[in-house]
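Engineer: sequence unknown, structure follows:
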């Protein structure tokens with residue numbers, strides 16, 4: 001897992017699925033933390049709108065560029081849907097935040113050659129640039 005984490009944090013373009021405008025939610029804290037560390041981060045929230053002054057995109061398909069890492073901060077059942085979208089879009093790096101992971105989603109990633117980090121928070125491993 002350490003090698004995967006190093007590979008993931010070296011990527012500079014991330015999407016945070018489950019980004020929230022509510023500053024008390026982890027989806028917002030992770031989004032802000034990655035941006036403050038110098039990452040290019042796209043907020044993904046089905047409601048769209050704006051998060052921290054940036055346009056929020058309803059789905060991964062709507063993003064203006066392909067993220068190198070998809071960071072997931074949603075309930076496990078939603079994570080299972082998101083990893084299917086990642087496979088359809090050819091996105092091959094998924095970070096499941098604690099509480100977002102499910103064994104089914106992790107197994108799906110392995111079967112579909114999607115690299116997956118789970119059971120640890122991206123905020124603990126990100127790099128300042």
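Structural biologist: Perfect, thanks for sending it. For clarity, every value in this text was computed on a predicted model and none was experimentally measured. Numbering: from 1, shown residues only.
Engineer: any idea which element the closest residue to residue 20 other than its chain neighbours lies in?
Structural biologist: Spatial nearest neighbour of residue 20, chain neighbours left out: residue 27 (3.9 Å); criterion: Cβ to Cβ, 6 or more residues apart in numbering. (Each C-beta comes from the backbone N, C-alpha and C, glycine too.) Secondary structure assignment for residue 27, by DSSP states H and E: helix 26-36.
Engineer: so what does whichever helix or strand comes after that helix touch, helix or strand wise?
Structural biologist: Downstream of helix 26-36, the first helix or strand assigned by DSSP H and E is strand 40-44. When contacts are defined as 3 or more Cβ pairs under 8 Å, 6 or more residues apart in numbering; DSSP states H and E, strand 40-44 packs onto strand 13-17, helix 26-36, strand 54-55.
Engineer: next structured bit after strand 40-44?
Structural biologist: strand 50-51.
Engineer: mind checking the pLDDT average for that next one?
Structural biologist: The pLDDT scores in strand 50-51 average 96.
Engineer: so what touches that strand?
Structural biologist: Under the criterion Cβ atoms under 8 Å, 6 or more residues apart in numbering, residues 19-21, 28, 31, 43, 45, 56 lie in contact with strand 50-51.
Engineer: neighbour-wise, which of those residues leads?
Structural biologist: Sorting the contacts of strand 50-51 by how many neighbours each has (other Cβ atoms under 10 Å) puts residue 31 first, at 31 neighbours.
Engineer: that one reaches residue 40, doesn't it?
Structural biologist: No. The pair residue 31 and residue 40 does not pass the contact test of Cβ atoms under 8 Å, sitting 11.7 Å apart.
Engineer: which one's the longest helix in the chain?
Structural biologist: If you go by DSSP state H, the chain has its longest helix at helix 76-89.
Engineer: chain center to that one, what's the gap?
Structural biologist: Mean-position distance between helix 76-89 and its chain equals 11 Å (Cα atoms, centre = their mean, to the nearest Å).
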